[in-house]
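Enquirer: Test case, fold it:
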Amino acid sequence: MAAVDFYEQCETGLKSALQSLTTVFLHDWQVSNDDTVIARGGDVFAILRPGAFPIFAKQATGKQVDFDWGITVDVYVRYESYATSWAKFKTVRAEMIWRLGCDPTLGNTPNVWGVTLSAEEGAQYFKFAESSENATPNFIIQTMQATVRQRVEFEF
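Expert: Residues are numbered from 1 along each chain as shown. I've put the predicted structure just below:
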């Protein structure tokens, strides 16, 4: 029997959940695990990366294990002006939290029963060029951590 990529199931579920926020992410490609999409010209992006994956010890018995799959989510909001950009950033973040709170199964991703979104650090400005003539930031960015709890059934 071929190995199942349980992490991939969770990343795909999270990606689909975020892509469903069509008022925030106007195109599916704005939620990606490929950070080169930022060059395509959109205003808001969520870039997904594999994170930590501790075992949730209370449910680890024989063939059944609960994993807390960490998915790093870098959220980018293109900078226009102070007031406009920070308002948009807060809206994007609120929409993401609301969406994940409303569906902790990520659209019935196999055996997923919980999801949280958090950030260890504050949002900050991101610049592609560090020069005095280009002092305006390109993006507001925040690195967030999605934790997707999935009950894994091993068959052996």
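Enquirer: Beyond the lowest-mean-pLDDT helix or strand in the chain, next helix or strand please.
Expert: Comparing every helix and strand of the chain by mean pLDDT, DSSP states H and E singles out strand 55-61 as the least confident one, with a mean of 64. For strand 55-61, the following helix or strand on the C-terminal side (DSSP states H and E) is strand 64-78.
Enquirer: Which parts of this structure are strands?
Expert: Taking DSSP state E to define them, one finds strands in the chain at 31-32, 44-50, 55-61, 64-78, 112-118, 124-126, 139-153.
Enquirer: Least reliable of those strands by average pLDDT, please.
Expert: Looking at these, the lowest mean pLDDT belongs to strand 55-61 (a mean of 64).
Enquirer: if we can go back for a sec, which one, of the strands of the chain, ends up nearest to S16?
Expert: strand 31-32 (8.5 Å; C-beta to C-beta). In this view, the C-beta of every residue, glycine as well, is placed from N, C-alpha and C.
Enquirer: Report the distance from the closest one to the chain centre.
Expert: Centroid separation for strand 31-32 versus its chain: 8 Å, with C-alpha atoms, centre = their mean, to the nearest Å.
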